[in-house]
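Engineer: next come a sequence and a model predicted from it.
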Amino acid sequence: MRKIIPLFILLFIVSSGNAQDRVINPGVPFLLVSADARAAGMGDIGVATSADAFSQQWNPAKYAFATDAQGFSISYTPYLTDLVNDISLGQLTYYHKLNEKSAFAGSLRYFGLGEIELRENANDEPRLVSPNEFAIDGSYSLKLSEKFSMAVAGRFINSNLKVASDSNDASSASTFAVDVAGFYQSEELAYNEFNGRWRAGFNIQNLGPKISYDNDQFNNNFIPANLKIGTGFDFILDDYNKVAVNVEFNKLLVPTPQDPDLNGDGTVTSEERNQNNDNYRSIAWTSGVFKSFGDAPDGFGEEAKEVTYALGAEYLYQDSFAMRLGYFHESPLKGARQFFSLGAGFKYNVVKVDVSYLFSASKVKNPLENTLRFSLTFNFGEKYDEY
């Protein structure tokens with residue numbers, strides 16, 4: 001479908017959920033969108049859940065604990081379906097266990113904004129553009145003990161959103177990033193009425209230079225570096241029934257926009273706003289990571305509001321049928337993303353199908369509301385025991 005709307009409006013919808021000055025809006029925000037239906041069905045949780053083919057996005061260290069030697073997955077996520085029908089996020093992932101202790105994986109994420117008609121005036125002949133962004137990454141994970149693994153990942157990011165005009169070209173912008181992740185999984189423990197297994201994980205994600213068109217330091221954006229920390233517990237009720245509960249916290253490692261009232265007189269001029277923006281964009285990405293832990297203008301209280309949290313649960317029957325429920329919360333002052341999610345999954349032989357659905361719980365409309373997300377996974381090769 002062709003969209004007769006200015007490109008900058010569309011990008012604002014995609015990248016920003018709130019117009020407040022202190023909402024952190026990094027570039028290439030598609031990297032933060034949950035691409036797989038399993039994690040989406042549990043409130044966008046994945047850093048400490050059990051290993052699956054989509055671990056690349058959440059915590060690649062989990063691949064060292066995968067029970068299948070190889071896996072391939074594909075997912076499709078429609079975006080802004082209430083407005084258009086051709087914006088979507090797709091992902092392909094492949095992993096391979098080299099042995100019982102190590103694995104490598106690679107993935108491709110592609111965010112397409114469809115075909116857009118651009119006009120200077122309503123009666124002009126339209127100019128068609130097809131903006132898109134993508135990321136290609138690879139990872140290697142290794143067990144450092146029977147219960148703990150770590151992983152490193154590298155990522156190439158490309159953003160092709162620039163619209164050509166008489167004064168500039170339409171060259172794309174690109175950058176790179178790295179992840180450092182860890183994952184802990186206990187042995188199966190015996191309790192009075194059930195067995196259980198503990199999991200925990202972290203991922204320091206998207207550490208890399210800012211992305212900029214024309215290499216202009218005052219026209220650049222931080223990429224969405226973030227810290228994920230989570231834990232979970234599996235209630236193994238019997239040979240057929242298992243319930244997993246998880247909690248996850250996420251903090252963007254991106255500086256907080258500062259108060260534009262530079263002289264404190266209660267009035268913000270256009271010069272002050274421009275100077276404040278220039279000051280923000282001149283921060284180096286390495287400095288920005290450290291600043292992000294203590295630069296909120298209102299102190300620790302505001303800093304704490306920049307941490308999102310999610311709760312999720314998954315019921316499994318014979319590891320073949322799954323039901324999922326999740327809740328995600330972001331402070332109303334920092335974007336106001338709050339939603340419930342439902343999900344289901346079915347596995348037959350080597351094929352697994354997952355779906356999820358999202359319900360917004362805040363006044364800010366979620367771009368994924370009323371959207372079904374689909375994931376398809378193929379697992380094959382030698383089987384490994386779960387420690």
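Structural biologist: Arrived safely.

Engineer: CA atoms for contacts and neighbours, from now on please.
Structural biologist: Fine.

Engineer: what residue of the protein is the furthest out?
Structural biologist: N123 (39.8 Å; CA atoms, centre = their mean).

Engineer: that one - that's part of a helix, no?
Structural biologist: No: using DSSP: H, G, I helix; E, B strand; the rest coil, the secondary structure at N123 is coil, not a helix.

Engineer: and the pLDDT for it?
Structural biologist: Confidence at N123, expressed as pLDDT, is 74.

Engineer: how close does it sit to S130?
Structural biologist: 21 Å (CA to CA, to the nearest Å).

Engineer: do A177 as well
Structural biologist: 25 Å.

Engineer: out of the two, which sits in the more crowded spot?
Structural biologist: A177 (20 against 14; other CA atoms under 10 Å).

Engineer: show me the contacts for the more buried one.
Structural biologist: Shown in contact with A177 (CA atoms under 8 Å, 6 or more residues apart in numbering): G154, R155, F156, I157, Q205, N206, L207, G208, P209.

Engineer: go with 10 Å
Structural biologist: 135, 137, 153-157, 205-210, 223-225 (CA atoms under 10 Å, 6 or more residues apart in numbering).

Engineer: okay, now E125: neighbour count?
Structural biologist: Quick note: E125 (other CA under 10 Å) scores 11 neighbours.

Engineer: tell me how far stretch 224-241 lies from the chain's centre.
Structural biologist: 17 Å (CA atoms, centre = their mean, to the nearest Å).

Engineer: buried stuff in it?
Structural biologist: 224-236 (16 or more other CA atoms under 10 Å).

Engineer: got those residues as CSV, with pLDDT and secondary structure columns?
Structural biologist: CSV is the format used below for the buried residues of stretch 224-241 (pLDDT from 0 to 100; DSSP: H, G, I helix; E, B strand; the rest coil):
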residue, pLDDT, secondary structure
P224, 95, coil
A225, 96, coil
N226, 96, strand
L227, 97, strand
K228, 97, strand
I229, 98, strand
G230, 97, strand
T231, 97, strand
G232, 97, strand
F233, 97, strand
D234, 96, strand
F235, 96, strand
I236, 95, strand
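
Engineer: can you put these in a markdown table and add distance to F194?
Structural biologist: Output for the buried residues of stretch 224-241, formatted as a markdown table (distance: CA to CA, whole Å):
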| residue | distance to F194 |
| --- | --- |
| P224 | 40 |
| A225 | 39 |
| N226 | 36 |
| L227 | 33 |
| K228 | 29 |
| I229 | 26 |
| G230 | 23 |
| T231 | 19 |
| G232 | 16 |
| F233 | 12 |
| D234 | 10 |
| F235 | 7 |
| I236 | 6 |
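
Engineer: in the protein, mark out all the helices, start to finish.
Structural biologist: With DSSP state H, the ranges of helices along the chain come out as 7-15, 37-40, 55-58, 270-281, 285-291, 300-305.

Engineer: output the contacting helices and strands for the longest one.
Structural biologist: Looking back up the chat, that one is helix 270-281. strand 220-221 (3 or more CA pairs under 10 Å, 6 or more residues apart in numbering; DSSP states H and E).

Engineer: show me what the strand it packs on is packed up against.
Structural biologist: Checked by 3+ CA pairs under 10 Å, 6+ apart, strand 220-221 has strand 211-212, helix 270-281 packed alongside it.

Engineer: now the last one: buried residues?
Structural biologist: Of the residues in helix 270-281, E272, N276, N277, Y280, R281 count as buried by neighbour count, 16+ other CA under 10 Å.

Engineer: would you agree the first one is in contact with P260?
Structural biologist: By that I understand E272. Yes: here E272 reaches P260: they are 6.1 Å apart, a contact under CA atoms under 10 Å.

Engineer: quick one: low-confidence parts of the stretch 1-150 of the chain?
Structural biologist: Applying pLDDT under 70 to the stretch 1-150 of the chain flags the ranges 1-21.
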